[in-house]
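Novice: Structure for the following, please:
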Amino acid sequence: LRGRAAAAHGAWLVFEDEAGFSMTPPHARTWSRRGHTPVVRVRGRSRRRVSIAALTCYKPGHRSRLIYRPRRDDGRRDGRKSFAWTDYRDLLTAAHHQLGGPIVLVWDNLNVHKAADLQKWAADRDWLTIYYLPPYAPDLNPVEGIWSLLRRGWLSNVAFTTPEHLIHRIRRGLRHIQYHSDLIDGCLAETGLTIRPG
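Specialist: Numbering: from 1, shown residues only. Next up, the predicted model:
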């Protein structure tokens, strides 16, 4: 996508995406006697969700990185459930400090990503260049692979008892992925995109 340009400028190529997770667990597969489907009771009526914004970060010659921030929905009807532009600003600022270099950011066309305040803030940052994915192209975003790993691994077949239990499992899964850069690299490989030194 823009890997050659990012490498040429010594920048990190960073993909962003966000996802929401609820108390209802995804199911993978079950094990029981034939004809006896196991039933796990969960609090399906809970409106409480945890949203995660995540960045996968790539640079030739460097270990791939995963940076994320959670946002918890407290269940109040008047509370904000999604990330605000200021949340993205803070996430990108933290990523810049952690990565120690310029960022070429690639993300989708979500309305808040194109908010005037966020665009104005980004325009004043010489270390940040932003590109947008084509509409309806989640297969080009390696962060989608992170969500898949999380749902198929640490969150599948778990009966969450409290929102804290859900948050604990999400953090545990994401920390595991952070320590295994080969998983982050695999998510990029799944998109068919490659990064070549410029």
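Novice: Now for the residue nearest to residue 71 when sequence neighbours are not counted, how many residues are close by?
Specialist: Distances taken as CB to CB, 6 or more residues apart in numbering place residue 51 nearest to residue 71, at 4.5 Å, with adjacent residues excluded. C-betas here are computed from N, CA, C, even on glycine. Number of residues near residue 51 (other CB atoms under 10 Å) recorded here: 17.
Novice: Surely residue 51 and residue 83 touch.
Specialist: Yes. In this structure residue 51 lies within contact range of residue 83 using CB atoms under 8 Å: 6.5 Å.
Novice: residues shared between the contacts of these two?
Specialist: Listed as contacting both residue 51 and residue 83 by CB atoms under 8 Å, 6 or more residues apart in numbering are 18, 71.
Novice: Could I get the full set of helices for this protein?
Specialist: For the chain, the helices defined by DSSP state H cover 3-8, 85-99, 116-123, 143-152, 163-179, 181-191.
Novice: Below-threshold pLDDT in this structure: ranges please.
Specialist: Regions of the chain meeting the criterion pLDDT under 70 cover residues 1-9, 24-48, 73-81, 197-198.
Novice: residues contacting the most centrally placed residue in the chain?
Specialist: In the chain, the residue lying closest to the centroid (CA atoms, centre = their mean) is residue 54, at 2.9 Å. By CB under 8 Å, 6+ apart, the contact list for residue 54 reads 16, 17, 18, 19, 66, 67, 68, 69, 143, 146, 174.
Novice: Grab the nearest non-local neighbour of it.
Specialist: residue 68 (4.1 Å).
Novice: count of residues packed around the one you found?
Specialist: Around residue 68 there are 20 other residues, counting by other CB under 10 Å.
Novice: check contacts around it.
Specialist: Neighbours of residue 68 in contact, by CB under 8 Å, 6+ apart: 52, 53, 54, 55, 174.
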